[in-house]
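Visitor: One predicted model, sequence on top.
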Amino acid sequence: MPVRRAAVAGSWYSDDPARLTADVDRYVGRAEFDPIDGSILAIVAPHAGLIYSGPVAAFAYKAAARAVCDAIVLVGPSHFVPFRGVSIWPDGTWETPFGPVNIDRDLARAIQAASPDVMELPAAHGREHSLELQMPFVAHLMPGVPIVPMVMGHQTRATAFGLGEAIATAIAGQGRRALVVASSDLSHYEDAHTAEALDAVVMRHVESLDPEGLMSALEADPRHACGGGPMVAVLDAAHRLGATSSRVLRYADSGDVSGDKSSVVGYMAAAVW
């Protein structure tokens, strides 16, 4: 049973369970939005250091925690290991300060079987933070729900839509009630005004539940997001699974915490149902 060890606990977020509980509960307690009339199928959440992205991610996970799900499929970008396709962690557990989170082996294997692009490349997960920053919310707010973690290498159109189809095929084929999570920050290191304009394009396509339009925007200008491919895959999977609505629940940038608006990273939380 392979264990994926936490790589950024104690630096990007607290490795003390009591302090991490307090942090997550504080962010979730402050996340207020209009009620969603429907069962959440997917969310988009950011993945920076928790002090920056946590207040935004909390909106997505507060919405998701109300849904009934038996697995959580997570898709994020690979920041450190370049490769073609998608690397899945297919078995074992993921280490978190709240204890181990189990992998849903059956669903992982079904996704692998549905796409030749999904492979096992453990090195792509070793230092990667894009999925690990989801785990404080997953482990605390949805304890006991197993996960299927995947990181995307080169974020091509074929890879993104191929993964979306594979996720939807596997979930539907197994009759599962799974939550699908896209981990992505938006524009990077632009001034806040420029960032807001770039990020508005992403948010427009997310709210329109338009993975095709989002993919075209990313191809035209990759500055829009670091996890654009994962967002496209998750929106496509949700649409194939019957989603008809999407809403951006929160937008912010790193300058809201640091006070420096001259060079920011954009963060968005969204829910799809």
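Guide: Cool, got the structure.
Visitor: Quick one: list the elements packing against the helix or strand containing A200.
Guide: Assigned by DSSP states H and E, A200 falls within helix 192-207. Using 3 or more CB pairs under 8 Å, 6 or more residues apart in numbering; DSSP states H and E, the elements in contact with helix 192-207 are helix 211-220, helix 228-240, strand 246-253, strand 264-272. Where C-beta positions appear, they are placed from N, C-alpha and C, glycine not excepted.
Visitor: Now tabulate these in TSV and tack on mean pLDDT, distance to L50 and mean neighbour count.
Guide: Below are these laid out as TSV (pLDDT from 0 to 100; distance: least, CB to CB, whole Å; neighbours: other CB atoms under 10 Å):
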stretch	mean pLDDT	distance to L50	mean neighbour count
helix 211-220	98	26	18
helix 228-240	98	19	28
strand 246-253	98	14	21
strand 264-272	98	12	27
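Visitor: Out of the ones you listed, which is closest to V75?
Guide: helix 228-240 (4.1 Å; CB to CB).
Visitor: Taking strand 264-272 as reference, get the angle to the closest one.
Guide: Per axes from the mean of the first three to the mean of the last three CA atoms, to 10 degrees, the angle that helix 228-240 makes with strand 264-272 is 10 degrees.
Visitor: neighbouring contacts of helix 228-240?
Guide: 41-42, 44, 73, 75-77, 152, 155-157, 159-161, 163-165, 167-169, 171-172, 180-184, 202, 206, 209-211, 214-215, 218, 222, 225, 246, 272 (CB atoms under 8 Å, 6 or more residues apart in numbering).
Visitor: and with 6 Å instead?
Guide: Identification of contacts with helix 228-240 by CB atoms under 6 Å, 6 or more residues apart in numbering yields 41-42, 44, 75-77, 152, 155, 160-161, 163-164, 167-168, 180, 182, 184, 209, 211, 214-215, 218, 272.
Visitor: ok, now stretch 198-210?
Guide: Counting by CB under 6 Å, 6+ apart, 186-187, 213-214, 217, 223-225, 239, 246, 248, 266, 270 sit against stretch 198-210.
Visitor: hey, C-alpha coordinates of that stretch in CSV?
Guide: Extracted in CSV, the C-alpha atoms of stretch 198-210 (Å, rounded to 0.1, in the frame of the first residue of the first chain):
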residue,chain,number,x,y,z
LEU,A,198,-7.2,38.1,-17.4
ASP,A,199,-9.0,36.2,-14.7
ALA,A,200,-12.4,37.6,-15.8
VAL,A,201,-12.0,35.6,-19.1
VAL,A,202,-11.6,32.4,-17.1
MET,A,203,-14.5,33.2,-14.8
ARG,A,204,-16.8,33.9,-17.7
HIS,A,205,-16.1,30.5,-19.3
VAL,A,206,-16.5,28.7,-16.0
GLU,A,207,-19.8,30.4,-15.2
SER,A,208,-21.0,29.5,-18.8
LEU,A,209,-19.9,25.9,-18.2
ASP,A,210,-18.0,26.3,-21.4
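Visitor: All good on my end, thank you.
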